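# would you be able to build a 3D model of this:
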Amino acid sequence: MATEESIIRLRNMGKEFKTANGPVVALDDINLDIHRGEIFGIIGLSGAGKSTLVRCINMLEIPTSGEVLFEGENLAAMSGKEQRKARQSMGMIFQQFNLLAQRNVLKNICFPMEIAGYPKKKAEERAMELLKLVGLEERAKAYPAQLSGGQKQRVAIARAIATNPKVLLCDEATSALDPNTTKQILELLKQINRELGITVIVITHEMAVIEAICDRVAIIDHSHIAEAGKVSDIFSEPKSRIGRQLILGDAATTVKFDKAKQIRITFDGRESMEPVIANMILASKVPVNIMYASTKDIGGKAYGQMIVQLPEDDADANRALNYLKSVKIQYEEVRENDI
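Predicted coordinates for the structure are as follows:
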């Protein structure tokens, strides 16, 4: 359960890389508070700086300016030993899993515990507990090459939480997975957050991931935080240009309707609970304007008509029409005078 206490605070943090062509600013004046026990999302387009941000949080990259405070302590001011201990409190999982190919599943999970000095028997017992948690107790002796992508990520998650971290950093952890496996991994992350109280930080370029599991989100754009807040608030009313682009999609600003065709959709007894227009938009990824609607629910069946305006682009319009044909919904093209 999230509390208002901040486990991580970023204050005026910046990161600059020196290149042959001069300095490159990857992060500029980043200010964020991540609360203990929450699932916090950081989203942005490719190259926005989100992966650099997560690597600065656990000091895999040393910030050029500002502070990273972990439980109130400035990580940069710590001794090497103190910093390593703090880093052990932050597990991390990656897009490409990063499992050790020559070690079986059990030994992969034991690896961080070996580094932390756990006795071998205790490490193996802990590893088996975690395999049960992630649903892979039967694959303890398997090697990474014998696992599916989703199974590899489950092993990576078990390894990341082996030393009882307080924070789990997820850098594009579902980007290499299919939608069904992604859903399962996100459910596992929610379970770990709920049952173990681990603060989860999710780095992603996918709004669906943020919507599925995050409590709050920060949107990063061109090395800056464009906006941050509760997911429900950001989704309902994005204030930044990049927020509107990520949430509403490019269609929100590029679709033209000026010279578009209009069609009349006739409802003659389909189930009234069937979201015909929503399904058409989702299936064809084409927005429409509803110009007129007169429908009634009679005994759970929908009757009436609706006139919608399709996008001006012929390819977009045809995708919407092909969907209506595929589900056998009657329609006809109408002109403005016919309405």
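
# now residue 187: which helix or strand?
helix 179-196 (DSSP states H and E).

# meant to ask about residue 87
Taking DSSP H and E as the definition, residue 87 sits inside helix 80-88.

# check which residues of that helix are buried.
Judged by neighbour count using 16 or more other C-beta atoms under 10 Å, the buried positions of helix 80-88 are 83, 86, 87, 88. (Each C-beta comes from the backbone N, C-alpha and C, glycine too.)

# rounded mean pLDDT for that helix, please.
Averaged across helix 80-88, pLDDT comes to 85.

# just the CA atoms of it, as PDB, please.
Once side chains and other backbone atoms are set aside, the C-alpha atoms of helix 80-88 remain, and they are given as PDB (Å, rounded to 0.1, in the frame of the first residue of the first chain):
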ATOM      1  CA  GLY A  80      31.400   3.000  -2.000                       C
ATOM      2  CA  LYS A  81      30.400   0.400   0.600                       C
ATOM      3  CA  GLU A  82      27.200   2.300   1.600                       C
ATOM      4  CA  GLN A  83      26.300   2.900  -2.000                       C
ATOM      5  CA  ARG A  84      26.700  -0.900  -2.800                       C
ATOM      6  CA  LYS A  85      24.400  -1.600   0.100                       C
ATOM      7  CA  ALA A  86      21.800   0.900  -1.100                       C
ATOM      8  CA  ARG A  87      22.000  -0.600  -4.600                       C
ATOM      9  CA  GLN A  88      21.200  -4.000  -3.100                       C
END
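
# that one: what's the following helix or strand?
Read in the C-terminal direction, the helix or strand following helix 80-88 is strand 90-94, with elements assigned using DSSP H and E.

# run through the residues that contact the closest residue to residue 242 other than its chain neighbours.
Nearest-residue entry for residue 242: residue 221, 4.0 Å, with adjacent residues in sequence omitted and distances by C-beta to C-beta, 6 or more residues apart in numbering. By C-beta atoms under 8 Å, 6 or more residues apart in numbering, the residues touching residue 221 are 44, 45, 48, 240, 241, 242.

# from those, keep the buried residues only.
Of those, these count as buried by 16+ other C-beta under 10 Å: 44, 48, 240, 242.

# any low-confidence regions in the chain?
1-3, 248-259, 270-272, 296, 298-299, 336-339 (pLDDT under 70).

# again, only using 50
When residues are selected by pLDDT under 50, those of the chain lie in 251-255, 339.

# need the strands for it, in chain order.
Assignment of strands within the chain using DSSP state E yields the ranges 6-19, 22-35, 39-43, 65-70, 73-74, 90-94, 167-171, 199-204, 216-221, 224-230, 262-271, 289-298, 301-309, 331-334.

# partners of the first one, with directions?
What that stands for is strand 6-19. The partner list of strand 6-19 in its sheet, established with DSSP bridges, is strand 22-35 (antiparallel), strand 65-70 (antiparallel).

# now do the buried residues in the longest one.
By neighbour count with 16+ other C-beta under 10 Å, strand 22-35 contains the buried residues 26, 27, 28, 30, 32, 33, 34, 35.

# please name the bridge partners of the fourth one.
According to DSSP bridges, residue 13 are recorded as the beta-bridge partners of residue 30.

# and it, how close does it get to residue 207?
21 Å (C-beta to C-beta, to the nearest Å).

# the third one too?
Distance of residue 28 to residue 207, computed by C-beta to C-beta: 24 Å.

# before we move on, what about the fifth one?
According to C-beta to C-beta, residue 32 and residue 207 sit 19 Å apart.
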